[in-house]
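Trainee: Pasting the sequence and the predicted coordinates here, then a few questions.
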Amino acid sequence: MTTAISSPIVAAAGGGFLVEERAPAEVFTPEDLNEEQRQIAAAAQRFAREEIVPAVQAVEAKQSGAMERLLKSAAEQGFAAVDIPEEYGGLGLDKVSSTLVTDHISMLASFSTAFGAHTGIALLPVLWFGTEEQKQRYLPKLATCETVGAYGLSESTSGSDAMHIRTRAVLQPDGSYILDGEKQWLTNCDVAGLYTVFAKIVDPATGSEQFSAFLLERGTPGLTVGAEEHKMGIRGSSTCPLVLAECRVPAANLLGEAGKGHKIAFGVLNVGRFKLGAACVGLARVALGEMVRHANQRKAFGKAIAEFGLIQEKISASAARLYATQSMVYRTAGMIDARLAGGGTSEVDCFAEYTVECSILKVYGSEMNSLVADELVATMGGFGYVEEFAAERMYRDARINRIFEGTNEINRLIVAGWLLKKAMTGKLALTAAIRRVMEDAMAPPSFDLGDEQSDPLAREAKALSAVKRMTLFAAGVASQRFMTALENEQEVMGALAAMIGQVYALESALLRAKKLVGKPQAAVAAAMTGLVAAQSVAVCEQSARLVLAASAEGDELRTQMAILRRLARVEPANVVELSRSVARAAVELERYPL
Ligand SMILES: Cc1cc2nc3c(=O)[nH]c(=O)nc-3n(C[C@H](O)[C@H](O)[C@H](O)COP(=O)(O)OP(=O)(O)OC[C@H]3O[C@@H](n4cnc5c(N)ncnc54)[C@H](O)[C@@H]3O)c2cc1C
């Protein structure tokens, strides 16, 4: 079964949003789903409602078999098979459909973590790098969850610093390998039947090392699953170490080429980050629904708390960030599908092209999910703090998303570093765009909002132009100051990454709102875009101040600050009014309003 995108989506270059203009019709949005995709979303929602919700307590209490039953049941309905081609027992769906499954099945973080690890970082190494024999052997069973997958990269002494693993593999005369070491924190570890494990093949004679990947089956002599970790959140998902003591692995289970394990490790992490962003959309949608329902029902001072402006601010800030994340997630999925449809690109290369978008989704999505969970607790008052209600679990569960799949700090460094590298190698016209902004910087500011009557999103378009220009200006100043040593200035890199993320978020929100003009959802989409715009301008101005102050001093800094003030001069929107209108829409529907 295949589904096709009918709209003229442009497979823009990764990071291209910083330097190119896009028309609304050129980006994919959730409103562009075709009938088959809508049915997939509905089926995933039904599964979550009818099977995950009743199983929450059993899963969270780690009742024996509860997670496996849920995974198998999801697989019976085809959800674990969406990314697997038909010849290996899968459905071979497009990435928008795959994203819909991840998004709408994500109602309980423990399950979405287990499901996401299985369908992402565990299964894709086999699909993308496996031999024909390995694919035939493992993929059909992974598609049905007869075998659950796990991914073992991290170790107790190397998480972020993933290339410094200590697990060793030694080639034996018969072609097999003997593995020794201990992997840490494997999601699904206790329920898995197949482990993708990274180890360095060492040559005892020369001491040479080759970072490589292996497929290890449960039951392999020498492989032991360690004790379950006691975690802050996602308590229903299994996380254990994997001990390898003289573990003999047949030659046929080397995955990909010896010495090329980094391609597998980092290639699949792009998808892991993308899927995590999509999962955060689903999880935050559920949390926002809880927030609005409680705000409607809870009375204080003689009225529903949903009528208070400060509660409305929580609802609208949550809805606006969710809207921005959702817009970025589906825009990215659409670009990936368009690129794949163009042919000539493997899935792994396609996701690699969108490395920066995947990392932004991971960071922005996980921080959005944490914000929504926090605002849910705040809205529920004392009820938010006790285990009896889901808010307490959601708050705990949200934290891990900022840690795994590369911490948010590491992903921020990837966002800025990857773009700078692309600029330096001439693969993205970033340097020219920076030069233009630096040259234009002295031009007087324009307060002309165009024809606001005919373009209700004129203010947001101005804000987008401002955040793009602030970002390019700050990147230009920092590059000139630090040149190739910029990557050592982590605080500056982090601030640039925050700005770059805001550009992608605001542009995706705005393009979607423009696409919705004339449709019933237009007003709420425009109001949420207004809130995203206000936040983006504030974040970018603050981040740019940090970058400039770290890059210059004296008169030079004063001149640059004057330019920044000019670039940041966007007439402020009435965010109080916007917030109230978004909250009203959510409260009326008792859910996320789109
Ligand atoms: C519940 C759970 C499930 C997990 N599932 C898996 C899994 O399935 N497979 C797997 O392989 N791993 C898994 N992990 C491991 C996870 O990916 C790592 O915990 C994560 O990558 C961080 O590594 P670390 O814990 O070693 O922290 P560290 O790398 O020690 O980081 C500690 C802090 O230092 C910061 N830091 C590190 N390096 C830098 C740097 N260069 N610059 C700036 N800051 C830096 C980090 O951002 C962090 O804030 C899981 C972890 C947990 C808790």
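Mentor: Everything's here; your move. Owing to the predicted nature of the structure, the values given are computational and were not obtained by experimental measurement.
Trainee: Verify the assumption that Ile434 is located in a strand.
Mentor: No - under DSSP: H, G, I helix; E, B strand; the rest coil, Ile434 sits outside any strand and is assigned helix.
Trainee: Now for it, how many residues are close by?
Mentor: The local packing of Ile434 (other C-beta atoms under 10 Å) involves 22 other residues. Just so you know, the C-beta spots here come from the backbone N, C-alpha and C atoms, and that holds for glycine as well.
Trainee: Now for it: which residues touch it?
Mentor: Neighbouring residues of Ile434 by C-beta atoms under 8 Å, 6 or more residues apart in numbering: 423, 472-473, 475-476, 479.
Trainee: Sticking with the residue lying closest to Ala461 once chain neighbours are set aside, tell me its helix or strand.
Mentor: If you skip the residues right next to it in sequence, Ala461 has Leu510 as its closest partner in space, 6.5 Å away by C-beta to C-beta, 6 or more residues apart in numbering. Assigned by DSSP states H and E, Leu510 belongs to helix 490-515.
Trainee: What residues of that helix count as buried?
Mentor: Neighbour-count burial for helix 490-515 flags 492-515 (criterion: 16 or more other C-beta atoms under 10 Å).
Trainee: related to what we said a few turns ago, contacts only, for the residue nearest to Ala461.
Mentor: Leu510 makes contact with 457, 460-461, 464, 529, 533 under the criterion C-beta under 8 Å, 6+ apart.
Trainee: Just the ones in helices from these, please.
Mentor: 460-461, 464, 529, 533 (DSSP state H).
Trainee: and the residue of the chain found nearest the ligand, how many neighbours?
Mentor: The nearest approach of the chain to the ligand comes at Gly159, 1.9 Å away (C-beta to the nearest ligand atom). Counted with other C-beta under 10 Å, residues neighbouring Gly159 total 17.
Trainee: State the phi and psi torsions of it.
Mentor: Backbone geometry at Gly159, expressed as degrees, to the nearest 10, gives phi -110, psi -80.
Trainee: what does Leu215 give?
Mentor: Dihedral angles (degrees, to the nearest 10) for Leu215: phi -100, psi 120.
Trainee: Same check on Leu223?
Mentor: With angles defined as degrees, to the nearest 10, Leu223 sits at phi -100, psi 120.
Trainee: In space, what's closest to it - neighbours in sequence excluded?
Mentor: Cys247 (5.0 Å).
Trainee: Show me what the helix or strand hosting the one you found is packed up against.
Mentor: In the assignment (DSSP H and E), Cys247 maps to strand 239-249. Judged by 3 or more C-beta pairs under 8 Å, 6 or more residues apart in numbering; DSSP states H and E, strand 239-249 is in contact with strand 177-187, strand 194-202, strand 209-217, strand 223-225.
Trainee: need the helices for the stretch 301-450 of the chain, in chain order.
Mentor: 309-341, 347-353, 355-380, 390-398, 408-424, 430-440 (DSSP state H, counting those that start in this stretch).
Trainee: JSON lines please, covering the ones you listed and showing distance to Gln521 and mean pLDDT.
Mentor: Output for those, formatted as JSON lines (distance: least, C-beta to C-beta, whole Å; pLDDT from 0 to 100):
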{"stretch": "helix 309-341", "distance to Gln521": "10", "mean pLDDT": "98"}
{"stretch": "helix 347-353", "distance to Gln521": "30", "mean pLDDT": "96"}
{"stretch": "helix 355-380", "distance to Gln521": "20", "mean pLDDT": "98"}
{"stretch": "helix 390-398", "distance to Gln521": "26", "mean pLDDT": "98"}
{"stretch": "helix 408-424", "distance to Gln521": "30", "mean pLDDT": "94"}
{"stretch": "helix 430-440", "distance to Gln521": "33", "mean pLDDT": "84"}
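Trainee: Run through the strands of the stretch 451-594 of the chain in chain order.
Mentor: In the stretch 451-594 of the chain, no segments count as strands under DSSP state E, counting those that start in this stretch.
Trainee: Quick check: which ranges of it have low pLDDT?
Mentor: The stretch 451-594 of the chain contains residues with pLDDT under 70 at 451-453.
Trainee: near the ligand, which residues of it?
Mentor: Residues of the stretch 451-594 of the chain found near the ligand (C-beta under 6 Å from any ligand atom) are Gln490.
Trainee: Tell me, how many residues neighbour the nearest residue to Ala495 once chain neighbours are set aside?
Mentor: The spatially closest residue to Ala495, leaving aside those adjacent along the chain, is Ser543, at 3.9 Å (C-beta to C-beta, 6+ apart). Ser543 has 24 neighbours, counted by other C-beta under 10 Å.
Trainee: related to what we said a few turns ago, tell me the contacts of the residue of the chain closest to the ligand?
Mentor: 184-185, 407.
Trainee: give me every residue that touches Gln172.
Mentor: Per C-beta under 8 Å, 6+ apart, neighbours of Gln172: 178, 248.
Trainee: need the residues of the chain near the ligand, please.
Mentor: 117, 151-154, 159-161, 185-187, 231, 239, 400, 403-404, 406-407, 409-410, 490.
Trainee: What's the ChimeraX line that selects buried ones from those residues?
Mentor: Only the buried members of these end up in this ChimeraX selection, burial being decided by 16+ other C-beta under 10 Å:
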select :117,151,152,153,154,159,185,186,187,231,239,400,403,404,406,407,409,410
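Trainee: Looking at the helices of the stretch 301-450 of the chain, spot the one closest to Arg218.
Mentor: Arg218 lies closest, by C-beta to C-beta, to one member of the helices of the stretch 301-450 of the chain: helix 347-353, at 26.0 Å.
Trainee: In terms of secondary structure, what does that closest one contact?
Mentor: helix 124-129, helix 261-297, helix 309-341.
Trainee: on that earlier part again, give me the pLDDT for the residue of the chain closest to the ligand.
Mentor: pLDDT for Gly159: 94.
Trainee: where does it sit relative to Cys358, distance-wise?
Mentor: Here Gly159 is placed at a distance of 19 Å from Cys358 (C-beta to C-beta, to the nearest Å).
Trainee: who's in contact with Ala586?
Mentor: Shown in contact with Ala586 (C-beta under 8 Å, 6+ apart): 288, 292, 315-316, 319, 592-593.
Trainee: Domain parsing of this protein, as residue ranges.
Mentor: Annotated domains of the chain cover 16-143, 149-259, 410-589 [automatic domain parsing].
Trainee: Mind checking those for the one nearest to Tyr395?
Mentor: Across these, closest to Tyr395 is domain 149-259 (C-beta to C-beta), at 8.1 Å.
Trainee: Please state the offset of that closest one from the chain centre?
Mentor: Put simply, domain 149-259 sits 25 Å off its chain's centre (C-alpha atoms, centre = their mean, to the nearest Å).
Trainee: start to end distance for it?
Mentor: 23 Å (C-alpha to C-alpha, to the nearest Å).
Trainee: for stretch 202-209, same thing?
Mentor: OK, stretch 202-209 end separation, C-alpha to C-alpha: 5 Å.
Trainee: hey, where'd the helices end up in the stretch 51-200 of the chain?
Mentor: Under DSSP H, counting those that start in this stretch, the stretch 51-200 of the chain gives helices at 53-60, 66-76, 95-105, 109-117, 124-129, 132-143.
Trainee: which parts of the first one are buried?
Mentor: For helix 53-60, a neighbour-count test (16+ other C-beta under 10 Å) marks 55-56, 58-60 as buried.
Trainee: Looking at these, which one is closest to Glu257?
Mentor: Val59 (38.5 Å).
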